[in-house]
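Asks: Return a 3D structure for these sequence lines:
(chains A and B)
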Amino acid sequence: MKSARVLLIIPCYNEQKSIAALLKEISELYQEYNVLVIDDGSNDDTFRIAQTLSPTVRLLRNMGIGGAVQTGIKYAERYDYDFCVQIDGDGQHPPGQIFKLLEAHAKKPVEIIIGSRFLSNDTYRSTWVRRFGGQTIARVMNYLFADCQISDPTSGMRLMDRRAIRFFANHYPCDFPEPISLAWALRVGMDVHDVPVEMRARQHGQSTIVGIKPIAYMFRVLGYIFLARLKRTPLL
Amino acid sequence: MNTINTNTYFLIVFFTLAYFVFIARKTARQQLDLYDFVMLSMVAVIPATFTFWPNIAFWLADLAGVAFPFVIMFGTLFLVLFLFVYRLTVKMHKLEKDNLLLLQEVSILRLEISSNTDKIKT
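Replies: You can find the predicted model right below:
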């Protein structure tokens, strides 16, 4: 039987300190994953470093995480991949955990599988403000969408199957893409599950969502989620 | 009720003509489209209408229960302005989306070209 073709998409912005180690870690997995780095218009050496280790798309200007991820998804659609797995370029998502997403899909094929930080106790835990924001978004989504039991909607580690790839190649949010893309997918009738994965603390650099920003992020995301839920006609 | 004097008529006529010539030239040079021309011309058409037929403003003010007729004029102008801004916002978001799509396509194509070039070299 023909094995599934998997594309790992790694969006990154100014990740020159972590990208080489991450790509080396992936190459040591001995898995037949194809890797695509999407350099979101970095100002540092990210592109130069990534290019020597993996096929790398360099976006002509910074488009934000949503634009970068959608570029990878379009590439996956164009080259007819069975699965597309998104992981962050900052090294927070250990590539060794990707098999858990694929295993979960093999057990129960659904369109999107999220790697959740909150289902496993031994994983890296972010600040309480971020956890509170993420869990509130999860509760609201689980309430608004039938059969939705998501624990970590803001996780950037996720697997998408062909249907999700086709959908997201055409419709992907630019702002707050992780939770809103899930809301859009749920609205068009896709199934979303999550599996526990171990995550690490960011190896280098700092997150842009710090201080009380997670709370503002939460309210803005909730607004978009309500809008997605209210939309009468499916976006597909 | 009608307190508009001759000077006001001259001023409004002068402004309306000068403004129309200005935006008509911009439209002829394709710096504005016809829709923009119509919307922007309201800045002259509305005050001119209320100047030549002030009773309309009094009648509308009476109808709306507004004490001052000039509120009606500014309200009408604001309405047109909001419609114009709304249309511009929609247009801007569409352009932003098109721009994003183009950037993504160009970036992917660039990778494809460079990988094909590498294959040809080897």
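
Asks: need the helices for chain B, in chain order.
Replies: B:6-28, B:34-52, B:54-64, B:69-121 (DSSP state H).

Asks: Return the residues of chain A in contact with chain B.
Replies: Listed as neighbours of chain B in chain A under the rule CB under 8 Å from any CB of the partner chain: A:55-61, A:63, A:67, A:70-71, A:74-75, A:78, A:174. Bear in mind the C-beta positions are built from the backbone N, C-alpha and C, glycine included.

Asks: mind redoing it with 10 Å?
Replies: Contact residues, chain A versus chain B (CB under 10 Å from any CB of the partner chain): A:36, A:38-41, A:51, A:55-61, A:63-64, A:66-68, A:70-75, A:78-79, A:169-170, A:172, A:174.

Asks: Among those residues, which lie within strands?
Replies: A:36, A:38-39, A:56-58 (DSSP state E).

Asks: contacting residues around stretch A:46-54?
Replies: A:8, A:10, A:12-20, A:22-24, A:26-27, A:34-42, A:45, A:56-59, A:89, B:111, B:114 (CB atoms under 10 Å, 6 or more residues apart in numbering or on different chains).

Asks: Looking at the ones in strands among the residues of chain A next to chain B, state which has the most neighbours.
Replies: Most neighbours among those, by other CB atoms under 10 Å in any protein chain shown: residue A:38, with 31 neighbours.

Asks: Okay, it and residue A:25: tell me how far apart.
Replies: Going from residue A:38 to residue A:25 by CB to CB, to the nearest Å gives 18 Å.

Asks: any weak-confidence spans in chain B?
Replies: B:1-3, B:121-122 (pLDDT under 70).

Asks: What residues does it have near chain A?
Replies: Going by CB under 10 Å from any CB, the residues of chain B near chain A are B:96-97, B:99-112, B:114-115.

Asks: Buried among the residues you listed? Make that a PyMOL selection.
Replies: Selection of buried members from the residues of chain B next to chain A for PyMOL, criterion 16 or more other CB atoms under 10 Å in any protein chain shown:
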select buried, chain B and resi 100+103+104+107+108+111
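
Asks: Check which helix or strand residue A:15 maps to.
Replies: Using DSSP states H and E, residue A:15 maps to neither a helix nor a strand.

Asks: How about it, nearest residue that isn't a chain neighbour?
Replies: residue A:89 (4.3 Å; CB to CB, 6 or more residues apart in numbering or on different chains).

Asks: again, but for residue A:88
Replies: Using CB to CB, 6+ apart, the closest residue to residue A:88 is residue A:156 (4.8 Å).

Asks: OK, contacts around that neighbour?
Replies: A:11, A:65, A:69, A:86-90, A:92-93, A:114-115, A:177-178, A:199.

Asks: Pop out the phi and psi values for it.
Replies: Per-residue torsions, residue A:156: phi -90, psi 10 (degrees, to the nearest 10).

Asks: pLDDT score for it?
Replies: Per-residue confidence (pLDDT) for residue A:156: 91.

Asks: ditto for the one 5 residues further on
Replies: For residue A:161, the pLDDT comes out at 95.

Asks: need the helices for chain A, in chain order.
Replies: Under DSSP H, chain A gives helices at A:19-27, A:46-53, A:64-78, A:98-107, A:128-144, A:162-170, A:177-187, A:213-230.

Asks: what ranges of chain A fall below the confidence cut-off?
Replies: For chain A, the ranges with pLDDT under 70 are A:1-2, A:121-126, A:202-211, A:232-236.

Asks: Check it and tell me which residue is nearest its centre.
Replies: By CA atoms, centre = their mean, the mean C-alpha position of chain A lies nearest to residue A:156, the distance being 3.1 Å.

Asks: Relative to chain B, how far out is it?
Replies: 19 Å (CB to the nearest CB, to the nearest Å).
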